[in-house]
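Visitor: Provided below for reference: sequence and predicted model.
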Amino acid sequence: MKKFGLACAALTLGLSSCASIGAQDTENMLAAAQFTMKPADTPAKLANLKAMQQYKLVPHVKNGKNFYVYADAAGCQCVYVGNDAAYQNYQQMRIARNIANEQLMAAEMNQQAMMDWGAWGPWGPGFY
């Protein structure tokens with residue numbers, strides 16, 4: 001039973017690490033897109049931050065102006081706030097990153113296809 005508990009703890013830690021890596025990447029892109037990071041530096045702000053939707057850009061309207069808010073209570077204990085221009089910058093950066101990832105994947109697939117795997121013989125039973 002202890003082994004199961006340790007395995008669950010390790011899995012939970014691993015998954016939370018993956019989430020924080022993804023959040024860190026998003027937060028770096030938000031900062032580069034001119035979003036402003038605002039720390040939850042009081043107990044009231046921290047409580048408000050924890051009540052917000054986490055790890056997702058959420059649109060808000062204040063005084064007739066659009067704002068986009070990204071909350072991270074577990075990592076930086078902060079929110080990133082941006083206007084329409086910052087949001088457009090962020091979206092363009094995401095599209096450019098997706099295109100770059102697709103191009104990398106295509107290049108890797110092309111490289112694999114160019115290798116002469118036939119020289120190794122059939123990949124059937126008995127290969128190992």
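Guide: Everything's here; your move.

Visitor: secondary structure element holding the residue nearest the centre of the chain?
Guide: For the chain, the residue nearest the mean C-alpha position is Gly22 (2.7 Å; C-alpha atoms, centre = their mean). In this structure, Gly22 sits in helix 2-32 according to DSSP states H and E.

Visitor: quick one: mean pLDDT for that helix?
Guide: In this model, helix 2-32 has a mean pLDDT of 60.

Visitor: past it, which element shows up next along the chain?
Guide: Assigned by DSSP H and E, the successor of helix 2-32 is strand 36-39.

Visitor: from the contact counts, what lies against that next one?
Guide: helix 2-32, strand 78-82 (3 or more C-beta pairs under 8 Å, 6 or more residues apart in numbering; DSSP states H and E). Quick note: C-beta positions are derived from backbone N, CA and C, even for glycine.

Visitor: let's see it at 10 Å
Guide: For strand 36-39, the packing partners by 3 or more C-beta pairs under 10 Å, 6 or more residues apart in numbering; DSSP states H and E come out as helix 2-32, helix 43-51, strand 65-72, strand 78-82.

Visitor: quick check: buried residues in the third one?
Guide: The one in question is strand 65-72. Phe67, Tyr68, Val69, Tyr70, Ala71, Asp72 (16 or more other C-beta atoms under 10 Å).

Visitor: ok now do the fifth one, which residues does it touch?
Guide: Going back to what we said before, that points to Ala71. 40, 48-58, 77-81 (C-beta atoms under 10 Å, 6 or more residues apart in numbering).

Visitor: beta partners of it?
Guide: Gln54, Val79 (DSSP bridges).
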